[in-house]
Each structure stands twice: as structure tokens, then as C-alpha cells.
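Chemist: From the sequence below, what's the structure:
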Amino acid sequence: NLGISEFQQERSILSELSTPLRMEVTNYINRDILSNIPFLEGCHPYFTASFIQQMQPRFYSPGEIVIKEGTYGRSMFILNKGCVEVLVKGVRVVRLEDGSVFGEIALLGIANRRTATIRTLTCCDMRVISRAAFLKLVAMYPTERKKFEIEAQRRMRELREIAEKKRREEEEANKIKEQDSAENAPTTPQSGA
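Modeler: Sure thing, here's the model as predicted:
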């Protein structure tokens with residue numbers, strides 16, 4: 001994994017290469033990241049290399065909030081190494097690990113506000129791409145844009161389904177608690193006339 005100074009040095013060296021060679025070297029250098037990102041599979045190699053060149057490294061400690069539900073989204077995150085939890089309305093709905101992507105819903109403008117909170121569970125090495133850089137990139141690659149839109153819509157449906165399932169489970173648990181409370185409540189003797 002590259003630190004910030006190594007990342008900047010890599011960028012400087014790559015800028016001196018011809019475009020085809022830069023694309024090839026970029027994809028080779030970042031093969032570990034690429035192997036962890038399923039949604040980049042099958043993308044045009046130039047798109048993939050350009051995508052990687054637009055990413056910025058970010059590092060987080062355990063317990064940090066990466067994005068907060070309801071805030072305006074301007075970027076997408078790729079979890080290169082580490083583990084995070086996804087919270088919807090304060091309820092943990094899923095845990096994400098290496099290669100996971102989040103923030104794509106806001107990035108593509110399907111929803112301008114973040115649909116979930118992401119909190120780190122471990123130290124995390126992430127890559128971030130801004131909305132402006134991403135939109136410029138997918139404008140040149142319409143096939144890849146469509147692929148991202150489909151994935152973002154699928155993810156949004158998935159989050160809604162998971163949140164609804166959790167809500168139903170909580171309601172069911174509350175009903176059981178209420179029934180248990182009613183059954184265990186002390187009874188008062190009835191007075192007879």
C-alpha cells in the first residue's frame with residue numbers, strides 16, 4: 001500500500017510517460033486494487049487507468065465516520081483494505097470489506113443526499129474519486145456510465161430492502177417483548193360482589 005508521499009511520487013513519474021504506456025503501467029501498479037473492485041471488471045482498460053489516476057488516497061482510524069447519512073454527496077469511496085459498517089437510520093445493515101464501493105448513489109446523482117452512514121471498524125485504506133472527476137470520465141465512456149448507474153440503482157434497492165427487513169425484525173422483537181411483559185405482569189385479584 002502506498003502512503004501519501006509515495007502516491008505523489010508515483011503520479012509525478014507517470015506524468016512523464018506516453019498515454020498508452022501510462023495506462024498500462026497504472027493498471028499494473030494498481031492490480032491489487034483492481035482485483036478487489038468487481039465493478040471495474042470488463043471496463044475499457046483506458047477507463048480503468050483513468051479512473052485510478054483520478055483516485056486520491058485516504059486513510060482512516062477505527063470508529064471514524066467516513067460519510068454521514070443525509071449529507072450532500074460529492075465523492076465515491078473504494079475500500080482498498082479494511083472493514084466498515086453501513087448504518088441506515090442508526091441501524092447497522094451490513095458490513096463491508098476489501099473491494100467494497102460506497103457513495104456511488106450520490107456520485108451518480110441518483111440521490112444527492114447520502115443514503116447511509118459509513119463508520120470504520122478497523123484501520124482503513126481507501127481511494128476516493130470526486131463527482132466532478134467521475135462525471136468527466138464517464139462522459140467519455142457511456143458504456144461504463146450505464147454500468148455504474150445500474151449498480152447504483154441496484155445498491156439503492158438493496159439498502160431499502162435491508163433497512164425494511166431490519167425495521168420488520170425490530171417491530172417483531174418489540175411485539176414479542178410486549179407480549180412477554182403482558183404475560184408476566186402481576187394480576188390483580190377481582191373483587192366479588
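Chemist: ok, now how distant is His44 from Met23?
Modeler: 10 Å (CB to CB, to the nearest Å). C-betas here are computed from N, CA, C, even on glycine.
Chemist: next one: Asp180
Modeler: Distance from Asp180 to Met23, by CB to CB: 63 Å.
Chemist: Please identify which of the two sits among more neighbours.
Modeler: With neighbours defined as other CB atoms under 10 Å, Asp180 and Met23 compare such that Met23 has more, 21 against 10.
Chemist: part of a helix, is that one?
Modeler: Yes. According to DSSP: H, G, I helix; E, B strand; the rest coil, the state of Met23 is that of a helix.
Chemist: and the residue lying closest to it once chain neighbours are set aside, what pLDDT?
Modeler: What sits nearest to Met23 in space, not counting adjacent residues and going by CB to CB, 6 or more residues apart in numbering, is Ala49, at 3.8 Å. Predicted confidence (pLDDT) for Ala49: 82.
Chemist: What separation is there between Leu137 and Ile162?
Modeler: On the measure of CB to CB, Leu137 and Ile162 end up 29 Å apart.
Chemist: Helix, strand or coil: sort out Arg92 for me.
Modeler: strand.
Chemist: What is the burial count for it?
Modeler: Arg92: 13 neighbours (other CB under 10 Å).
Chemist: One more: Glu164?
Modeler: The tally of other residues near Glu164 (other CB under 10 Å) stands at 11.
Chemist: which stretches of the chain have low pLDDT?
Modeler: Within the chain, the segments meeting pLDDT under 70 span 1-11, 13-14, 27, 29-32, 34-38, 185-193.
Chemist: need the strands for the chain, in chain order.
Modeler: 56-60, 65-67, 75-81, 84-88, 91-96, 101-102, 117-120, 124-130 (DSSP state E).
Chemist: so can I have a markdown table of the ones you listed showing distance to Ala173?
Modeler: Converted to a markdown table, the strands of the chain look like this (distance: least, CB to CB, whole Å):
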| stretch | distance to Ala173 |
| --- | --- |
| strand 56-60 | 32 |
| strand 65-67 | 27 |
| strand 75-81 | 30 |
| strand 84-88 | 17 |
| strand 91-96 | 12 |
| strand 101-102 | 28 |
| strand 117-120 | 22 |
| strand 124-130 | 31 |
